[in-house]
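Give me a 3D structure for the following:
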Amino acid sequence: MQDPDLDCPGRYCGRYLGECTACPRGMRVNVTSKNCEDCKMDPETYEWLYLGFMVLVVIYFHMESLTRFLEKACGECDVRSTSKWICVTLLETMVAAFLTLILSDPHGQLQLYGCGVRSFLDWYSVFQNPSEKFVETIYCDSEVVYP
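Residues are numbered from 1 along each chain as shown. Model prediction:
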């Protein structure tokens, strides 16, 4: 076990349950105390745009799969049948997004917290793992930019 009085090395290593390690999902290293703390920032505009883009990607792949399925299953389906499948696909995606929000922290609320981006290096934390005496690497890479 490491000495609790010593600072954790590296930019993304934080003290969690007495150990210097990567912070768990939904937590981030406090710059001054080097402890892992919960992320409680509201997502910014660009984060919402990214999440919206990811929902659109899911819808696109659903529609692409649906198109391939309908071509094989019925050749030329009527508009009513195709629109029914499109509505089911959209409903499935919306229910999945809603359940994800409900089951994420804070549980049971339609609220989403994030960690935000402090620097360009936050996107590439895997390259910021510190080495003790250039011998042993401490793996502190984690999901720094959350969600």
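
where do the helices sit along this structure?
In the chain, the helices defined using DSSP state H lie at 45-74, 79-103.

Does G116 touch T45 like I think?
No - the criterion here is C-beta atoms under 8 Å, and G116 misses it with T45 at 11.9 Å. For the C-beta atoms, the positions are set from N, CA and C on the backbone; glycine is no exception.

neighbour count winner among the two?
G116 (16 against 7; other C-beta atoms under 10 Å).

Quick one: residues contacting that one.
Taking C-beta atoms under 8 Å, 6 or more residues apart in numbering as the criterion, G116 is in contact with C39, M41, E44, E47, V145.

give the contact list for the first one.
In other words, C39. Going by C-beta under 8 Å, 6+ apart, C39 touches G26, M27, R28, Y113, G114, C115, G116, Y146.

Now intersect those with the strands, please.
Among the contacts of C39, the residues falling in strands (DSSP state E) are M27, R28.

can I get the contacts of C39 in JSON lines with distance to A97 and pLDDT?
JSON lines is the format used below for the contacts of C39 (distance: C-beta to C-beta, whole Å; pLDDT from 0 to 100):
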{"residue": "G26", "distance to A97": "18", "pLDDT": "83"}
{"residue": "M27", "distance to A97": "23", "pLDDT": "86"}
{"residue": "R28", "distance to A97": "24", "pLDDT": "86"}
{"residue": "Y113", "distance to A97": "16", "pLDDT": "84"}
{"residue": "G114", "distance to A97": "16", "pLDDT": "82"}
{"residue": "C115", "distance to A97": "20", "pLDDT": "84"}
{"residue": "G116", "distance to A97": "21", "pLDDT": "80"}
{"residue": "Y146", "distance to A97": "17", "pLDDT": "64"}
